[in-house]
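Engineer: how does the following fold in three dimensions:
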Amino acid sequence: MGSKKCGPFTVAWVLVIIGALNWGLVGLGSFFGGNWNIVEWIIGSWPTVENVVYVLVGLAGAYAILGCRCKNCKAHA
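Structural biologist: So this is what the prediction gives:
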C-alpha cells in the first residue's frame, strides 16, 4: 500500500465506513425487531447534531466517489 493519503481523504473514508456500518446495523436491527442505529443511540438527544452527522457522512461519500484533488495526495495514484 505505501502511498500517503491526505487528511481530508482519510477523514472521508472513516465517515464512509461509519455510515456503512451504521446502515448495516439498521438493516440487521430491522430483521430482529430492534433499532440498532448507533448514531441515533449516541447523539439522539440532539436531533440537529444527528442530522449534521448524516449530512457529513453523505458528503464524505460524495468526496470518496469523486476522489481527492490535493496536489500532493497519492490517494488515487
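Engineer: backbone dihedrals for Trp36, please?
Structural biologist: phi -110, psi 30 (degrees, to the nearest 10).
Engineer: the closest residue to it other than its chain neighbours and Leu15, how far apart?
Structural biologist: Distances taken as CB to CB, 6 or more residues apart in numbering put Gly29 closest to Trp36, at 3.2 Å, once the chain neighbours are dropped. Where C-beta positions appear, they are placed from N, C-alpha and C, glycine not excepted. Per CB to CB, to the nearest Å, Gly29 is found 21 Å from Leu15.
Engineer: Arg69: neighbour count?
Structural biologist: 12 (other CB atoms under 10 Å).
Engineer: likewise for Trp36?
Structural biologist: 16.
Engineer: and what of Val57?
Structural biologist: 19.
Engineer: so what's the closest residue in space to it that isn't next to it in sequence up against?
Structural biologist: Nearest residue to Val57, sequence neighbours excluded (CB to CB, 6+ apart): Gly19, at 3.7 Å. Going by CB atoms under 8 Å, 6 or more residues apart in numbering, Gly19 touches 57-58, 60-61.
Engineer: related to what we said a few turns ago, between Gly29 and Leu15, which has more neighbouring residues?
Structural biologist: When Gly29 and Leu15 are compared for neighbours, Leu15 comes out ahead with 19 against 14, by other CB under 10 Å.
Engineer: thinking again about what came up before, show me which of the contacts of Gly19 are buried.
Structural biologist: Among the contacts of Gly19, those scoring as buried are 57, 60-61 (criterion: 16 or more other CB atoms under 10 Å).
Engineer: quick one, longest helix in this structure?
Structural biologist: In the chain, assigned by DSSP state H, the helix with the most residues is helix 7-31.
Engineer: tell me the SS of Ser34?
Structural biologist: I think there's a mix-up here, since residue 34 is Gly and not Ser. For Gly34, the secondary structure call by DSSP: H, G, I helix; E, B strand; the rest coil comes out as coil.
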